[in-house]
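Engineer: Kindly generate the corresponding structure for this input.
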Amino acid sequence: MTRRLLREDLYLMARTRRFFLNAGFAASAGLAFPGISCGQAAEKVVVSLATGPRGQTAYMDMAQAKGYWVKRGLDVEIVRGNGAAATIGAVGSGRAQFGLVQMPAIILSRTPGAAVTCIAIAQYDSTLGVGFLQGSPIREPKDIEGRTLTALSGGIAGPLLPLYAQRNGIDVTTVKIVNIDSPLNDQMVLQKKADGLLGTVYANVPAYASEGHKIHFMPYRKAGIELYGLSLIAGRRLCDRRPDLCHSFVDGLMEGIRDTLLNPDEALDIYLKANPEMGVSKNGQDFARLGIGIFLTTLGEGEIESHGLGWADPARLGAMADLIAAYLAQPGAPPVDPAKLFRNDFTGQISLSPAELDQARRNMRPFLKYTV
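Structural biologist: Numbering: from 1, shown residues only. Down below sits the predicted model:
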């Protein structure tokens, strides 16, 4: 089951980038946003995931189970998505009020008149990097010279490899990249037809490690390549017309994130109750536990200490937009204005005390072993 889920996630991520690059994207700009009636005891709200529920997004189930949205008058429905492009389109058209999407996809989707904007960060690290199994000849960045790595066609990790190589003194011309136009690149690594893979700790580690494979990653962020991961989007019109709704949803979500950071075991129990199919096997439970653990490791450095959960650094966002433009966007694509990419006015209400930050960092330590 876990490998099937990984294949599905990787396929949807790659298909999303291909959609943005080949077809252009306007996030259903110009479509009318249906009005949301006020005065209801519990206002119906739909939030779309880009894929199915995973341990990495267990904070959604935490917020739901703890009643953090209900106490704010919201009846939240969490729906399964069909990739970032579909989720952005659903939010832009008003079929969903909110969505969780990877930040690179949000940046790639930005066009003049785009119908969505980002309003909170859930995952402060995309966890992109070079993955390898125990027994691989790869141990440090220079070791990828002369080696074969797999990458999913249309993915993000592959196009950023030249920058990673440049910053680590690697001759990237000696690295053979096998681009797979299907989500089966894990088979090449397991069968030792490739020495490693280009992917994410977020997606690959839970799938491999839950099936007993010892996998490690060399993160791109250690070379200064920083990208936020999963982030919350909303329709621009919704943000303007219903800031109260946006505040309520973000605050409830951030309470769920706070509790997950502080009580990952409770988060696992809640997630397995909400998704009982994941608890029927040992590797399904491990997949969920590892997903939550990897999420813990994406706790931001600096942002949340000073500004609270969900806040984004405008300077870092600008650097991310420039990075995406240089390595992932179509030539001639319009520049992205960070001020229009993200709104910080809905975050900052939920924070961690110094003692809670220490606790969150202690909770993440067992999962740091997957990166070198």
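
Engineer: quick one: residue 179 is in a strand?
Structural biologist: Yes - Residue 179 forms part of a strand when assessed by DSSP: H, G, I helix; E, B strand; the rest coil.

Engineer: Kindly provide the distance from it to residue 318.
Structural biologist: 30 Å (C-beta to C-beta, to the nearest Å). Glycine gets a C-beta too; all of them are placed from N, C-alpha and C.

Engineer: Check the spacing between the nearest residue to residue 359 once chain neighbours are set aside and residue 59 real quick.
Structural biologist: Nearest non-adjacent residue to residue 359, counting by C-beta to C-beta, 6 or more residues apart in numbering: residue 262, 5.6 Å away. Distance of residue 262 to residue 59, given as C-beta to C-beta: 11 Å.

Engineer: of the two, who's got more company?
Structural biologist: Between residue 262 and residue 59, residue 59 has the larger neighbour count (other C-beta atoms under 10 Å), namely 26 against 16.

Engineer: who does the helix or strand the more buried one falls within touch, helix- and strand-wise?
Structural biologist: Per DSSP states H and E, residue 59 falls inside helix 58-65. Applying 3 or more C-beta pairs under 8 Å, 6 or more residues apart in numbering; DSSP states H and E, we find helix 58-65 packed against strand 74-79, helix 243-262, helix 264-274, helix 282-296.

Engineer: Run through who's touching that helix.
Structural biologist: Residues from elsewhere that reach helix 58-65 (C-beta atoms under 8 Å, 6 or more residues apart in numbering): 47, 49, 53, 69, 76, 78, 100, 122, 252-253, 255-257, 259-260, 266-268, 270-271, 273-275, 288, 291-292, 295.

Engineer: Any regions of the chain where pLDDT drops low?
Structural biologist: For the chain, the stretches flagged by pLDDT under 70 are 1-40, 111-113, 181-186.

Engineer: Outline the domain layout of it.
Structural biologist: As assigned by automatic domain parsing, the chain contains the domains 2-125+227-370, 128-223.

Engineer: Could you confirm residue 360 falls within a helix?
Structural biologist: Yes - the assignment for residue 360 by three-state DSSP puts it in a helix.

Engineer: what residues are up against it?
Structural biologist: 261-262, 296, 299, 352.

Engineer: Straight-line length of stretch 102-118, end to end?
Structural biologist: 10 Å (C-alpha to C-alpha, to the nearest Å).

Engineer: thinking again about what came up before, export the helices and strands packed on helix 58-65 to a markdown table and tack on distance to residue 306?
Structural biologist: Supplementary listing: the helices and strands packed on helix 58-65 in a markdown table, determined by distance: least, C-beta to C-beta, whole Å:
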| stretch | distance to residue 306 |
| --- | --- |
| strand 74-79 | 28 |
| helix 243-262 | 15 |
| helix 264-274 | 24 |
| helix 282-296 | 20 |
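
Engineer: Quick one: classify residue 125 as helix, strand or coil.
Structural biologist: Residue 125 ends up coil, using three-state DSSP.

Engineer: show me what contacts it?
Structural biologist: Residue 125 touches 219, 221, 226-229, 297-298, 300, counting by C-beta under 8 Å, 6+ apart.
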